[in-house]
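Chemist: Got a predicted model here, sequence first, then my questions.
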Amino acid sequence: MRGIILTILGLFVSACASGPPESISQVPHDNPSLTRVRLDPDAYIGAAVRWGGVISQVENKTDQTWVEIVRMELRSNGRPVSAGDSDGRFIASFDRFLDPVVYEVGRPLTVVGKIGSIVRRPIGEYEYLFPVVTVEGSHLWQRAEPTPAPVYPGPWWYYDPWYPYPWPYYHRHPHFR
């Protein structure tokens, strides 16, 4: 009996654990920031990273897909913080086709891989240095549902069954004639 209870308790405890998905669970020992990489790009070619953020563009090529990501800080489980500042953009290079409808603009994505190169591409009229991460593992997150506004109850007299007829005139209430 004790074994059954301990097994059930263990299942409950393990179900409550919210660690990162297996595909992005490996955090590199020295995970450089995007700012450091952009300041000295040649020093970080081949460096392992776990970065994530919000998708800003998906570009399918003949043999790979480039996903442009606005980088955000990551929570302990690897999910990008949706309401945060960004320190720049990077490109995640996948070696397969990704459907732009599934990998839609604004959806959170976390990738694990190595910095393969640095490319110069325009954002509007501004020339920007993009580190290109060769993806080894990734996780596409669901969009966060907006939290509905709290509903407050009406004033106390709204719930008074004899309103607007206070005591001793409650007998004039239309329902009690």
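Modeler: Yep, that arrived. Source: prediction; values computed, not measured.

Chemist: mind listing the helices for the chain?
Modeler: 2-16, 34-39 (DSSP state H).

Chemist: what residues are up against Glu127?
Modeler: The contact partners of Glu127, by Cβ atoms under 8 Å, 6 or more residues apart in numbering, come to 120-121. Bear in mind the C-beta positions are built from the backbone N, C-alpha and C, glycine included.

Chemist: beta partners for it?
Modeler: Going by DSSP bridges, Glu127 is paired in beta bridges with Pro122.

Chemist: Lowest average confidence across the helices of the chain, which one?
Modeler: If you rank these by mean pLDDT, helix 2-16 sits at the bottom with a mean of 55.

Chemist: Now find how far off-centre stretch 94-111 is within its chain.
Modeler: Relative to its chain's centre, stretch 94-111 lies at 13 Å (Cα atoms, centre = their mean, to the nearest Å).

Chemist: now swap in stretch 109-123 and tell me
Modeler: Offset of stretch 109-123 from its chain centre (Cα atoms, centre = their mean): 19 Å.

Chemist: can you count the residues close to Leu39?
Modeler: Using other Cβ atoms under 10 Å, Leu39 has 11 neighbouring residues.

Chemist: Then Val112?
Modeler: Going by other Cβ under 10 Å, the residues that sit close to Val112 add up to 25.

Chemist: Glu104 too?
Modeler: 12.

Chemist: Make residue 1 into 225 and carry on from there
Modeler: In the new numbering, first residue 225, that becomes Glu328.

Chemist: Roughly how far does the residue lying closest to it once chain neighbours are set aside sit from Ser257?
Modeler: Spatially, and ignoring its direct neighbours in sequence, Glu328 is nearest to Ile279 (6.9 Å; Cβ to Cβ, 6 or more residues apart in numbering). According to Cβ to Cβ, to the nearest Å, Ile279 stands 20 Å off from Ser257.

Chemist: Asp264 now?
Modeler: Taking Cβ to Cβ, one finds Asp264 at 12 Å from Ser257.

Chemist: Over to Arg367?
Modeler: Taken as Cβ to Cβ, the span from Arg367 to Ser257 is 25 Å.
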